[in-house]
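K.L.:
Sharing a model prediction with you, sequence too.
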Amino acid sequence: MAVLQLASASPRRAALLEQIGASYQRLAPPDVDESRVTGESPRAYVSRMAREKALAGRQRAGDGAGVVLGADTSVVFGDEPLGKPADEAAAATLLRRLSGARHRVLSAVCLYCGTQCREVLVETGVHFLDLSEDLIQAYVATGEPMDKAGAYGIQGFGAVLVAALEGSYSNVVGLPLAELRPLLDWAEVPYWRVATR
């Protein structure tokens, strides 16, 4: 039975693994340069980041690393990746852009098992409601948008902003579970286990 090493500081990814009963150990957050390459598409970017994070985690864990999971998620409006807001004004600006519109959430997952790796890239369409200025300001005041790409968290207060999804909910949270399952099976990482920690 392989030990899963999570190369991510994201509490949301950890919670999703716990949700499906996958036992894991947390590695220190991988130290990778997250700058985009000129002309790099959002899909290529998240795929590269997931690979680099998994590889950095594998190198940090050293011999006997077992299975290392790296992942990256981007919120994309048109062809523009939306990062985390720098301040409350930037958060409000992002939310105004997303209001009444459709955007995409891309997540790439890379799983290293020994020297072999497998990857998956998942896209979810997210439709926002028309947001009033009062609602935007009230949501920004909760503080939730400040550490979230695209300035919202669907798993939190931001759930009330979303009208509809096309595809995986867990992908929007940060780890597409249905698509991850075949990778876990390949690496012989069990899930649906009763937590003992």
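P.N.:
Arrived safely. Please read all numbers here as calculations on a predicted model, not as lab measurements.

K.L.:
Show the residue spans covered by the helices in this protein.
P.N.:
In the chain, the helices defined using DSSP state H lie at 11-19, 42-61, 88-98, 133-141, 169-173, 177-186.

K.L.:
Just give me the residue closest to the centre of this protein.
P.N.:
Gly174 (2.5 Å; Cα atoms, centre = their mean).

K.L.:
Now do the same contact list for that one.
P.N.:
Applying Cβ atoms under 8 Å, 6 or more residues apart in numbering, we find Gly174 in contact with Ser10, Arg12, Arg13, Leu16, Ala71, Thr73, Ser107. Using the backbone N, CA and C atoms, a C-beta is placed for each residue, glycine as well.

K.L.:
Make a markdown table out of the helices of the chain and add mean pLDDT, mean neighbour count and distance to Gln5.
P.N.:
Shown next, in a markdown table, are the helices of the chain (pLDDT from 0 to 100; neighbours: other Cβ atoms under 10 Å; distance: least, Cβ to Cβ, whole Å):
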| stretch | mean pLDDT | mean neighbour count | distance to Gln5 |
| --- | --- | --- | --- |
| helix 11-19 | 95 | 17 | 11 |
| helix 42-61 | 93 | 20 | 5 |
| helix 88-98 | 98 | 18 | 33 |
| helix 133-141 | 98 | 15 | 35 |
| helix 169-173 | 97 | 23 | 20 |
| helix 177-186 | 97 | 17 | 13 |
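
K.L.:
What about the closest residue to Arg104 other than its chain neighbours, how many residues nearby?
P.N.:
Nearest non-adjacent residue to Arg104, counting by Cβ to Cβ, 6 or more residues apart in numbering: Val76, 4.6 Å away. Neighbour count of Val76, defined by other Cβ atoms under 10 Å: 20.

K.L.:
I figured Val76 hits Pro42, correct?
P.N.:
Yes: assessed by Cβ atoms under 8 Å, Val76 is found in contact with Pro42 at 4.7 Å.

K.L.:
quick one: common contacting residues for these two?
P.N.:
By Cβ under 8 Å, 6+ apart, the residues touching both Val76 and Pro42 are Arg104, Leu106.

K.L.:
ok, back up a step: how close does the residue nearest to the centre of the chain get to Glu188?
P.N.:
Distance, Gly174 to Glu188, using Cβ to Cβ, to the nearest Å: 24 Å.
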